[in-house]
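**Student:** Provided below for reference: sequence and predicted model.
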Protein chains: 2
Amino acid sequence: MNFRNFPMVPRVIFGRGSFDQLEEIITSKRVDTSAPFIFLVDDIFENTDLEKRIPLNYNDKIIFVSAGTEPKTSQVDTLRDQITNEFDRLPSGVIGIGGGTLMDLAKAVAIMLTNPGSAVDYQGWDLVKVPALYHVGVPTISGTGAEVSRTTVLTGPEKKLGINSDYTPFDQVVLDPDLCAGVPLNQWFYTGMDCYIHCIESLTGTYLNAFSQSYGEKSLELCNEVFLNGVLPEETSRDKLMMASWHGGMSIAYSQVGVAHAMSYGLSYLLGTRHGVGNCIVFNHLEEFYPEGVKQFKKMVDRHGVEIPQGLCADLTDTEFDTMIRVSLGMAPLWENAIGKNWKQVITPKKLREMYEKM
Amino acid sequence: MNFRNFPMVPRVIFGRGSFDQLEEIITSKRVDTSAPFIFLVDDIFENTDLEKRIPLNYNDKIIFVSAGTEPKTSQVDTLRDQITNEFDRLPSGVIGIGGGTLMDLAKAVAIMLTNPGSAVDYQGWDLVKVPALYHVGVPTISGTGAEVSRTTVLTGPEKKLGINSDYTPFDQVVLDPDLCAGVPLNQWFYTGMDCYIHCIESLTGTYLNAFSQSYGEKSLELCNEVFLNGVLPEETSRDKLMMASWHGGMSIAYSQVGVAHAMSYGLSYLLGTRHGVGNCIVFNHLEEFYPEGVKQFKKMVDRHGVEIPQGLCADLTDTEFDTMIRVSLGMAPLWENAIGKNWKQVITPKKLREMYEKM
């Protein structure tokens, strides 16, 4: 057996208000005054207090990015080109501020600033050969685990697949739960459920081990406190959900996700469905695979009065179904984790089509 | 408020048998064939199968070290001198294989191979200015958390105090629970209780935050499974205790230990009491500070039929008591975490003497 030698985020700061230490943290990493820091920031923060708190110095630059669509390989290439065209030298680093989309874009742009070609060339496992530029993750919504993961999930022309590499993880993460204040209910719920689903998929998977299990169990407890049982003050709830996301990310990093993610990738690829809501749409129909997890999930949906979209696949053509099924079946490690080595006998294209048709 | 920007171990591998991947892991870190890896190994492994599995190549060297006494600054200096006298150039790295003593020695020797002077000069906070040599931790007993900590606790001529620095943490940790097979009951228990006590001290401390809490709660659950409630197969128990130690170490790293550690440092300094048993001797009498924690601890002691030594301080002189009290009161952050900012009003020399007299 070969065990993964997992690269962890080497620096983390946690605390309400810790964002204000970002300037001090990056100052020691500035190459010189003409090598800027590039802040990739979710455009919902344009003209807000958070924008004013971003520590710009010298020729540092903020690039606002919409997180309205899933991150794309072409978007990564364009951002890289924009940066290399504007500056005649490499930046000092890239700082992502936002949710999973911004986390993934920051990781991918940091990789593509030091590696030739297109982001498409690196979708897969261990294809990155040159260390990425220094990159920092500042999550402003909790659940994706992108702040600790070894991947950056991108939709390319052919596939939705991550750049999985030892150079992908952030060099530094700033966990400031206060930045998550004001997230709209639906988004808070869908993104939080990404974490919950990570836990269920990891803890019930065939790849499980004591390392993943300990992180997954703690993350699940925290999810339950936040979404199911707890009556928590808002600040406490934000603290706990940020740690749930962190531990959930660690859990899947050392095991794998499962059926919900494999199917949700198909939805996202074809319909552009956002990852968080896509997971919920799929997971809502997975009693067969995760009976207890889905039961609790439905309770959480009820408790928070969230509507899970239905009928997305009602009017799809055969060709469209086939595309979704092809993308989903391409996620072999996810299926193997969920079902076992003989997964292809269980998850046939016909079976997948029947499942998608319900969604 | 200033939050700590915590350096995490950047690489970790977990799994039964993962020790066999050590060669592959360090090969990429070898500077060249004349720069050896130095393996600092607990001498209980001399002439055992584990010794044969240590991947020696070129001029790599094993140095066996007794873990019969707490690690000392003078010992670190001697090991450093031995290495620099034998080799005319810097090693490629230092690999510690053993319990907390070997972990701390490996971290300290890696620091002292690149920093001038004596280890004494670096006891304290952030006194190390030059990055340490590449260093790897391979724990063979679980509980101390030394595999993830930012310190290396050393007894010097004046004090027992860690080298706390950003350069102290290991560059790589190999978590192979199989290496913990065969640890004698008492040692297993005392070292495991180091972890349990970390959790109690962290979770009840005034420095607690959601980051520490999540790690501490998970670690405590795992300790309870292993020592209190669980009827676990031996392999599962080893897996879980290794993760308990890991999470417990993370919990105190982002908060602090408390009364048991502060007093146990005094015992160790004066009497050379080993850290694990010293913590148990002290904690056994701390109902006043940790009522629930001590109650559960006593159940664990009973369940495993372990004898906690008594009467260590029965025949001490006034001067000896004063020495212990001076060392213990020197641990200000530990007392402040346990009691609060006004701790000096509660923990007077008289109070400490009365407490030590019971032990």
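**Tutor:** Perfect, thanks for sending it. Residues are numbered from 1 along each chain as shown, chains lettered A, B, ... in the order given.
**Student:** could you list the buried residues of stretch A:182-189?
**Tutor:** A:183, A:186-189 (16 or more other CB atoms under 10 Å in any protein chain shown). The way it works is simple: take the backbone N, C-alpha and C, and place the C-beta from them, glycine included.
**Student:** could I get that stretch in CSV with only the CA atoms?
**Tutor:** Extracted in CSV, the C-alpha atoms of stretch A:182-189 (Å, rounded to 0.1, in the frame of the first residue of the first chain):
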residue,chain,number,x,y,z
GLY,A,182,-23.7,39.0,6.2
VAL,A,183,-23.6,36.0,3.9
PRO,A,184,-27.2,35.4,2.6
LEU,A,185,-29.1,32.5,4.1
ASN,A,186,-29.2,30.3,1.0
GLN,A,187,-25.6,30.7,0.1
TRP,A,188,-24.6,30.1,3.8
PHE,A,189,-26.6,26.9,3.8
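**Student:** what residues does the stretch 201-350 of chain A have near chain B?
**Tutor:** Neighbours of chain B within the stretch 201-350 of chain A, by CB under 8 Å from any CB of the partner chain: A:209-211, A:213-215, A:217-218, A:221-222, A:236, A:239-240, A:242-244, A:246-247, A:254.
**Student:** quick one on the thing from earlier: the buried residues of stretch A:182-189 in helices, which ones?
**Tutor:** Mapping the buried residues of stretch A:182-189 onto helices (DSSP state H) picks out A:186-189.
**Student:** name the nearest of these relative to chain B.
**Tutor:** residue A:188 (16.9 Å; CB to the nearest CB).
**Student:** residues contacting the nearest residue to that closest one once chain neighbours are set aside?
**Tutor:** Residue nearest to residue A:188 in three dimensions, not counting chain neighbours: residue A:141, with 7.0 Å by CB to CB, 6 or more residues apart in numbering or on different chains. Contact analysis of residue A:141 by CB atoms under 8 Å, 6 or more residues apart in numbering or on different chains lists A:98-100, A:180, A:183, A:187-188, A:191.
**Student:** specify the local secondary structure of residue A:141.
**Tutor:** Put simply, residue A:141 is coil when judged by DSSP: H, G, I helix; E, B strand; the rest coil.
**Student:** residue A:101 versus that one, what's the distance?
**Tutor:** 10 Å (CB to CB, to the nearest Å).
**Student:** got it, and residue A:312?
**Tutor:** Residue A:312 is 20 Å from residue A:101, by CB to CB.
**Student:** out of these two, which sits in the busier spot?
**Tutor:** residue A:101 (25 against 17; other CB atoms under 10 Å in any protein chain shown).
**Student:** which residue sits closest to the more buried one, ignoring its sequence neighbours?
**Tutor:** Per CB to CB, 6+ apart, closest to residue A:101 is residue A:67, 4.0 Å.
**Student:** excluding its backbone neighbours, what's nearest residue A:30?
**Tutor:** Residue A:30 sits nearest to residue A:92 (CB to CB, 6+ apart), 4.7 Å away.
**Student:** again with residue A:63
**Tutor:** Closest to residue A:63 by CB to CB, 6+ apart is residue A:40, at 5.5 Å.
**Student:** part of a strand, is the one you found?
**Tutor:** Yes - applying three-state DSSP, one finds residue A:40 inside a strand.
**Student:** quick one, grab the pLDDT at it.
**Tutor:** Per-residue pLDDT puts residue A:40 at 98.
**Student:** residue contacts, it?
**Tutor:** A:63, A:65, A:79, A:94-98, A:102, A:105-106, A:109.
**Student:** just the buried ones among those residues, please.
**Tutor:** A:63, A:65, A:79, A:94-98, A:102, A:105-106, A:109.
**Student:** which parts of the stretch 101-250 of chain A are strands?
**Tutor:** All strands of the stretch 101-250 of chain A, identified by DSSP state E, counting those that start in this stretch, fall at A:124-125, A:135-139, A:153-155, A:160-164, A:172-175.
**Student:** tell me which of those strands sits most buried.
**Tutor:** Highest mean neighbour count among these (mean count of other CB atoms under 10 Å in any protein chain shown): strand A:135-139, with a mean of 26.
**Student:** and that one, what does it pack onto?
**Tutor:** On a contact count with 3 or more CB pairs under 8 Å, 6 or more residues apart in numbering or on different chains; DSSP states H and E, strand A:135-139 meets helix A:22-27, strand A:93-98, helix A:100-112, strand A:172-175.
**Student:** got the angle between the longest one and strand A:135-139?
**Tutor:** What that stands for is helix A:100-112. Using axes from the mean of the first three to the mean of the last three CA atoms, to 10 degrees, one finds that helix A:100-112 and strand A:135-139 are set 180 degrees apart in direction.
**Student:** what's helix A:100-112 packed up against?
**Tutor:** strand A:37-42, strand A:61-65, helix A:73-86, strand A:93-98, strand A:135-139, strand A:153-155, strand A:160-164.
**Student:** and the angle from that helix to strand A:160-164?
**Tutor:** Using the same axes, to 10 degrees: helix A:100-112 against strand A:160-164 is 50 degrees.
**Student:** let's see helix A:100-112 as CSV, backbone CA atoms only.
**Tutor:** Presented in CSV, the C-alpha positions along helix A:100-112 are these (Å, rounded to 0.1, in the frame of the first residue of the first chain):
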residue,chain,number,x,y,z
GLY,A,100,-14.5,28.6,-2.9
THR,A,101,-14.4,30.1,-6.4
LEU,A,102,-12.0,32.8,-5.3
MET,A,103,-9.9,30.3,-3.4
ASP,A,104,-9.6,28.1,-6.4
LEU,A,105,-8.9,31.0,-8.8
ALA,A,106,-6.1,32.3,-6.5
LYS,A,107,-4.5,28.9,-6.3
ALA,A,108,-4.7,28.3,-10.0
VAL,A,109,-3.5,31.8,-11.0
ALA,A,110,-0.5,31.4,-8.6
ILE,A,111,0.3,28.1,-10.4
MET,A,112,-0.1,29.6,-13.9
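**Student:** does residue A:43 really touch residue A:64, like I thought?
**Tutor:** Yes - counting by CB atoms under 8 Å, residue A:43 touches residue A:64, with 4.0 Å between them.
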